[in-house]
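*Asks:* Structure here, sequence nowhere to be found:
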DNA sequence: CGAGGCGTTGACACCCATCAACATGGGTGG
DNA sequence: CCACCCATGTTGATGGGTGTCAACGCCTCG
């Protein structure tokens, strides 16, 4: 295979693929597909809108580093963030299915992403089985996260919601080895939390204070100290099953 | 192909596949895969729980007829319905990825479903490309519906939410040709609407009354009369794009 | 040093939950 | 055919959770 390989694409396949699919043991085909299709590495500054609602999209992105939020602006001026994408997550993986985005994608930190020219779905299934499997997995997992967010928004109060999303983010960061210890760096302002949780930013302040009073966490300007994770999880009723981080050992091929 | 074909599987492939994938023109491979894998047709009475949260699942279901809701019960006694599945929708399509269900699946009407033994994902991608494509499409569409539900729950008030979900259900029923005219039969009680919308059933009553006063719809015991769809859509801010019902004509192969 | 973004606090209003009571209506058994 | 019952829907009163508004403090950056 004598295709031009990007500088850095190697480390990506060595390092990131492990994170993308630590849970999904189809490493070799995925690595091969990414080598073939990942031709472009792009960087964006914090606050950059990669895609706007209504844009036609033609590529799939794989986040190498940085945080991206997917959000919708409403006629009344409100905003709802539907999910937060972290390193190892795909963006626009339904570009093969749908033509245009219904959401904005905005970076919250400086980001570097790999861009995959979206093959049409027939060619994807035919020639890139590793990527196809990874995309199916990623889509299913994102669906699972969204379902849990629906539960939160529908049936949990502000305190439970905030505690729950903190548990979720902490677990996901651990999963990709971007966090250890009891202090998280979270590049979200309280207004972001508000738009994730369906609250006002003022009420997010109040709710953080209550979590602090309860001894669970302390939050200050992007730094979150986890004091008592047990308390946090109990408040949230957090069950990590829905993240589906358990390795599917039943699918690891025999050596 | 001399495999035993279920009585009725023929009509399924002739009729239902069209609905499953009217939007997704990969009919022939899908039909073939369904013929191979659809070995069992099952019927359930209304109110039956097909799968409970925590159950290990091993099959994918395709709804031939009936309504199914996917819901979660919370420790406090609350319930949240995360989506409503209609004829032509798949259930448990992530059975290849994940091992167990986090939600209950409960019939709201008498239902008949086709059961597909879930092939593992490698075999699916290898031997059942039509089904793989249909499942990817279905998953992406469900993800899209969930994202829109998140927007509703986060940033729309009760009136907007109810109007929006009515618009959604009406559109989906039209899509599968299960409804025409201005009266819908909806086998959901107000408590179901409450658990879809994150409201109390009492407030659903009030909200239906307000919609009626505004001239949009009249609801009475499972029958919903659409008086002024334009009003309803304006209240909801309904844009049907997220349903992705537009045929992807760019993907129809040349004859 | 000023400006602007972000966070914080308190007062107040509103949306919606909760509770209790009652209406309706379909099904079942006598 | 009627009596009863249970599920569901309706209404009003009350309260709590959260939004909104205004003012102020803090910090960063130019």
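*Replies:* Perfect, thanks for sending it. Fair warning: this is a prediction, and the values are worked out from it, not measured in the lab. Numbering: from 1, shown residues only, chains lettered A, B, ... in the order given.
*Asks:* So residue A:54, which state does it fall into?
*Replies:* Under DSSP: H, G, I helix; E, B strand; the rest coil, residue A:54 falls in the coil class.
*Asks:* Tell me both backbone torsions, phi and psi, for the nearest residue to it once chain neighbours are set aside.
*Replies:* Using CB to CB, 6 or more residues apart in numbering or on different chains and skipping residues adjacent in sequence, the residue nearest residue A:54 is residue A:100, 6.1 Å away. Where C-beta positions appear, they are placed from N, C-alpha and C, glycine not excepted. Dihedral angles phi and psi of residue A:100 (degrees, to the nearest 10) take the values phi -140, psi 160.
*Asks:* Who does residue A:100 form a beta bridge with?
*Replies:* residue A:56 (DSSP bridges).
*Asks:* what's the burial count for it?
*Replies:* 14 (other CB atoms under 10 Å in any protein chain shown).
*Asks:* can you pull out the strands in the stretch 101-250 of chain A?
*Replies:* A:104-107, A:111-117, A:183-185, A:217-220, A:223-226 (DSSP state E, counting those that start in this stretch).
*Asks:* Any chance of TSV for these, columns mean pLDDT and distance to residue B:171?
*Replies:* Below are these laid out as TSV (pLDDT from 0 to 100; distance: least, CB to CB, whole Å):
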stretch	mean pLDDT	distance to residue B:171
strand A:104-107	97	24
strand A:111-117	91	32
strand A:183-185	93	41
strand A:217-220	93	41
strand A:223-226	94	41
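*Asks:* where do the helices sit along the stretch 151-255 of chain A?
*Replies:* Secondary structure of the stretch 151-255 of chain A (DSSP state H, counting those that start in this stretch): helices located at A:158-175, A:190-197, A:201-213, A:229-236.
*Asks:* Determine the number of other residues adjacent to residue A:219.
*Replies:* Neighbours of residue A:219 (other CB under 10 Å): 21.
*Asks:* got it, and the one 10 residues further on?
*Replies:* Burial of residue A:229 is recorded as 15 neighbouring residues (other CB under 10 Å).
*Asks:* Residue A:243 too?
*Replies:* As a burial measure, residue A:243 scores 17 neighbours (other CB under 10 Å).
*Asks:* go on, residue A:235?
*Replies:* Using other CB under 10 Å: residue A:235 sits among 22 other residues.
*Asks:* got the contact list for it?
*Replies:* With contacts defined as CB atoms under 8 Å, 6 or more residues apart in numbering or on different chains, residue A:235 is in contact with A:159, A:160, A:163, A:211, A:214, A:216.
*Asks:* Check residue A:71 too.
*Replies:* Counted by CB under 8 Å, 6+ apart, residue A:71 has contacts A:79, A:80, A:81, A:82, A:103, A:104, A:106, A:195.
*Asks:* In space, what's closest to it - neighbours in sequence excluded?
*Replies:* residue A:81 (4.5 Å).
*Asks:* still on that earlier bit, most tightly surrounded among the helices of the stretch 151-255 of chain A?
*Replies:* helix A:190-197 (a mean of 22; mean count of other CB atoms under 10 Å in any protein chain shown).
*Asks:* With mean pLDDT added, can I get the helices of the stretch 151-255 of chain A in TSV?
*Replies:* Formatted as TSV, the helices of the stretch 151-255 of chain A follow (pLDDT from 0 to 100):
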stretch	mean pLDDT
helix A:158-175	95
helix A:190-197	98
helix A:201-213	97
helix A:229-236	97
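*Asks:* which one of those lies closest to residue B:46?
*Replies:* Evaluated over those, closeness to residue B:46 peaks at helix A:158-175, with 32.3 Å, by CB to CB.
*Asks:* helices and strands around that closest one, which ones?
*Replies:* helix A:129-155, strand A:183-185, helix A:190-197, helix A:201-213, strand A:223-226, helix A:229-236 (3 or more CB pairs under 8 Å, 6 or more residues apart in numbering or on different chains; DSSP states H and E).
*Asks:* Next, format these as CSV and append distance to residue A:72.
*Replies:* Shown next, in CSV, are those (distance: least, CB to CB, whole Å):
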stretch, distance to residue A:72
helix A:129-155, 13
strand A:183-185, 26
helix A:190-197, 9
helix A:201-213, 17
strand A:223-226, 26
helix A:229-236, 25
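*Asks:* could you dump these to CSV with distance to DNA strand C?
*Replies:* As requested, the helices and strands packed on helix A:158-175 are exported to CSV (distance: least, CB to the nearest atom of the strand, whole Å):
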stretch, distance to DNA strand C
helix A:129-155, 9
strand A:183-185, 13
helix A:190-197, 4
helix A:201-213, 4
strand A:223-226, 11
helix A:229-236, 17
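*Asks:* Okay, helices next: where are they in the stretch 1-150 of chain A?
*Replies:* A:9-11, A:17-20, A:27-37, A:121-127, A:129-155.
*Asks:* follow-up on the earlier one: which one of the helices and strands packed on helix A:158-175 lies closest to residue B:87?
*Replies:* Comparing those by CB to CB, helix A:129-155 comes nearest, at 20.4 Å.
*Asks:* any residue of the closest one up close to chain B?
*Replies:* Yes. Using CB under 8 Å from any CB of the partner chain, helix A:129-155 reaches chain B at A:129, A:132-133, A:135-137, A:139-144, A:146-151, A:153-155.
*Asks:* what angle sits between that helix and helix B:190-197?
*Replies:* Counting by axes from the mean of the first three to the mean of the last three CA atoms, to 10 degrees, helix A:129-155 points 120 degrees away from the direction of helix B:190-197.
*Asks:* can you pull the contacts of the one residue in chain A that gets nearest to DNA strand D?
*Replies:* DNA strand D sits closest to residue A:203 of chain A, with a gap of 3.0 Å, by CB to the nearest atom of the strand. By CB under 8 Å, 6+ apart, the contact set of residue A:203 is A:158, A:194.
*Asks:* which bits of chain A sit near DNA strand D?
*Replies:* Residues of chain A found near DNA strand D (CB under 7 Å from any atom of the strand) are A:157, A:158, A:159, A:194, A:198, A:199, A:200, A:202, A:203.
*Asks:* Can you tell me how far the last one is from chain B?
*Replies:* The one in question is residue A:203. 13 Å (CB to the nearest CB, to the nearest Å).
*Asks:* likewise the third one?
*Replies:* Spatial separation of residue A:159 from chain B under the definition CB to the nearest CB is 13 Å.
*Asks:* now swap in the second one and tell me
*Replies:* Distance of residue A:158 to chain B, given as CB to the nearest CB: 12 Å.
*Asks:* I figured residue A:214 was touching residue A:227, is that so?
*Replies:* No. Using CB atoms under 8 Å, residue A:214 is not in contact with residue A:227, being 9.4 Å away.
*Asks:* How is chain A divided into domains?
*Replies:* Here the domain parsing of chain A from automatic domain parsing is A:9-149, A:156-243.
*Asks:* now the helices of the stretch 1-150 of chain A as CSV including mean neighbour count?
*Replies:* Below are the helices of the stretch 1-150 of chain A laid out as CSV (neighbours: other CB atoms under 10 Å in any protein chain shown):
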stretch, mean neighbour count
helix A:9-11, 13
helix A:17-20, 19
helix A:27-37, 19
helix A:121-127, 18
helix A:129-155, 23
